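>>> Using only what follows, build the 3D model:
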Amino acid sequence: MVSLRCIMVVKEELRKLGIRYVNVILGEVEIFEKISEQQRETLRENLKNIGLELLDDKRAVMIERIKNVIIDLIHHSTSVPKVNFSEFLSEKLEYDYTYLSNIFSEVQGITIQQFIIFHKIEKVKELLLYDELNLTEISYRLDYSSVSHLSNQFKKITGLTPSFFKQMRALRKSSLKNE
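Now for the predicted structure:
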């Protein structure tokens, strides 16, 4: 669950099944009482029908929690705090970073750091498209050590420089206007 809409949909499914919950946040549901196997299977099917998945495996749940913390931090906050991500994740999830890193890499096939970089670059693309901030401001907002570091990561991930990416978008916009 990565959006408020997903949370609303999950709450509605729980309500339909008469499952009382304490809290529903991104990627997690805390229920009030133990549910029956029938309720669990019905919930699993209902969620599957709307494109969501019920995770029972503790490793899968932990990976979703890691992803949600990172996504929330990068995409839903006004700026990325100037903290060490490993310390931040350890504190937030109350687990040793080595443990988190190992299960994430085993299951996802990439490191947590690679996942963070990918999402930071996605956020850079989004901010470039909004055209409200320059590259220096974007670099500062996402806690890059320099514009050069941001540009190098951007090119490594996308194959394009940030300025070329922005130019391509502008060219596409103007060609659409001319049609």
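
>>> So Arg141 sits against Leu127, correct?
Yes: in this structure, Arg141 is within contact of Leu127 by Cβ atoms under 8 Å, at 7.4 Å. Every residue, glycine included, has its C-beta placed from N, CA and C.

>>> intersection of neighbour lists for the two?
Residues touching both Arg141 and Leu127 by Cβ atoms under 8 Å, 6 or more residues apart in numbering: Leu133.

>>> where does this structure have low pLDDT?
The model of the chain has pLDDT under 70 over residues 1-3, 26-27, 56-57, 79-81, 173-179.

>>> now the helices for the protein?
Here the chain has its helices, by DSSP state H, at 4-16, 37-49, 58-75, 85-93, 97-108, 112-130, 135-141, 147-158, 162-178.

>>> Do I have it right that Ala60 meets Val107?
Yes: counting by Cβ under 8 Å, Val107 is a contact partner of Ala60 at 7.2 Å.

>>> Now render the helices of the chain as TSV, adding distance to Val22 and mean neighbour count.
Shown next, in TSV, are the helices of the chain (distance: least, Cβ to Cβ, whole Å; neighbours: other Cβ atoms under 10 Å):
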stretch	distance to Val22	mean neighbour count
helix 4-16	11	15
helix 37-49	16	14
helix 58-75	16	17
helix 85-93	19	16
helix 97-108	24	15
helix 112-130	28	17
helix 135-141	34	17
helix 147-158	39	16
helix 162-178	43	12
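
>>> Of the ones you listed, give the one that comes closest to Glu30.
Nearest to Glu30 among the helices of the chain is helix 4-16 (10.9 Å), distances taken as Cβ to Cβ.

>>> Residues in contact with the closest one: which ones?
Applying Cβ under 8 Å, 6+ apart, the external contacts of helix 4-16 come out as 1, 20-21, 24-26, 29, 31, 43, 46-47, 50, 52.

>>> same deal with stretch 143-153?
The contact list for stretch 143-153, computed with Cβ under 8 Å, 6+ apart, reads 79-82, 117, 120-121, 124, 135-136, 138-139, 142, 161-162.

>>> what's Asp131 in contact with, if anything?
Applying Cβ under 8 Å, 6+ apart to Asp131 gives the contacts Lys166.

>>> Equivalent analysis for Phe104, please.
63, 66, 111-112, 115.

>>> ditto for Val22
Val22 is in contact with 30-32, counting by Cβ under 8 Å, 6+ apart.

>>> Since that was my last question, I'll sign off now.
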